[in-house]
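K.L.:
whatever this is, show me its structure:
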Amino acid sequence: MRDPENIRRLGDLKPDMMGLIFHPGSPRYVSSPEELVDVFAHERQFKLAGVFVNEDISIIRHLSKLLDLEYIQLHGNESPGYCGELKSRGFKIIKAFGISEKKDLTKVEYYEGIADMFLFDTKTKSYGGSGKKFDWSVLENYQGSAPFLLSGGIGPRDYPEIGNPAYAGVDLNSSFEISPGLKDISLLSYYIKRFRDDK
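P.N.:
Numbering: from 1, shown residues only. The predicted structure follows:
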């Protein structure tokens, strides 16, 4: 999200969480976060996550204070030590992992007790999503205690049923966009209502 009016309209749908991407390599990059301060200054009914890739902790701290971020979502090669440093400063951490097969879940174990939540996305050679699905049945092998979000190519007709008690929800992105960073509010309204009704 980065368009103020689009953010307000999505906020009216009361999503559980909304994300702002602070990675310059993303087509959804928030290049002028100062322009969003007023949008998030009022009381909000959703959590706000800042998405970063191998970023300097001082920059994360600055943007978190500026926009009152509640979660820090990490999509790079951040080590458990790096995540622990953020955790010690009071941040809630979502650590993203690219998944394609069972063995990709082994590295998640090193972040148990540090990350508050995981995000499992389709494995790619670059940072960020591919807009494609992976084999969701792989997640039956996840044995961790931290909840996880499912990401990667989820579209308007996808209502995943994941047979793992740690499954907490879905990350909706490219299939619900008019253009990068601009969400189709009517499509999201329909999806969110149906997703919640099915829970």
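
K.L.:
neighbours around the residue nearest to Leu67 when sequence neighbours are not counted, how many?
P.N.:
With CB to CB, 6 or more residues apart in numbering as the criterion, Leu67 has its nearest non-adjacent residue at 5.5 Å, and that residue is Phe40. Just so you know, the C-beta spots here come from the backbone N, C-alpha and C atoms, and that holds for glycine as well. A count of neighbours around Phe40, defined by other CB atoms under 10 Å, yields 19.

K.L.:
can I assume Phe40 sits in a strand?
P.N.:
No: per DSSP: H, G, I helix; E, B strand; the rest coil, Phe40 lies outside any strand segment and is helix.

K.L.:
distance check, it against Gly181.
P.N.:
As for Phe40, its distance to Gly181 is 16 Å (criterion: CB to CB, to the nearest Å).

K.L.:
check what pLDDT the residue nearest to Leu67 gets.
P.N.:
According to the prediction, Phe40 has pLDDT 94.

K.L.:
and the longest helix along the chain, how far out from the chain's middle?
P.N.:
Using DSSP state H, we find that the single longest helix of the chain is helix 185-198. On the basis of CA atoms, centre = their mean, to the nearest Å, helix 185-198 sits 18 Å off its chain's mean C-alpha point.

K.L.:
helix or strand for the closest residue to Tyr191 other than its chain neighbours, which one?
P.N.:
Nearest residue to Tyr191 in three dimensions, chain neighbours excluded: Pro156, at 5.7 Å (CB to CB, 6+ apart). For Pro156, there is no helix or strand it lies in under DSSP states H and E.

K.L.:
could you list every helix and strand in contact with the longest helix of the chain?
P.N.:
helix 4-11 (3 or more CB pairs under 8 Å, 6 or more residues apart in numbering; DSSP states H and E).

K.L.:
got the buried residues for stretch 189-199?
P.N.:
Residues of stretch 189-199 classed as buried by neighbour count (16 or more other CB atoms under 10 Å): 191-192.

K.L.:
how about residues contacting stretch 154-161?
P.N.:
By CB atoms under 8 Å, 6 or more residues apart in numbering, the residues outside stretch 154-161 that reach it are 133, 136, 150, 167, 170-173, 175-176, 187, 190-191, 194-195, 198.

K.L.:
tell me the mean pLDDT for it?
P.N.:
Across stretch 154-161, the per-residue pLDDT values average to 94.

K.L.:
chain center to it: distance?
P.N.:
With CA atoms, centre = their mean, you get 16 Å for stretch 154-161.

K.L.:
that one: end-to-end distance?
P.N.:
Stretch 154-161 stretches 12 Å from its first residue to its last (CA to CA, to the nearest Å).
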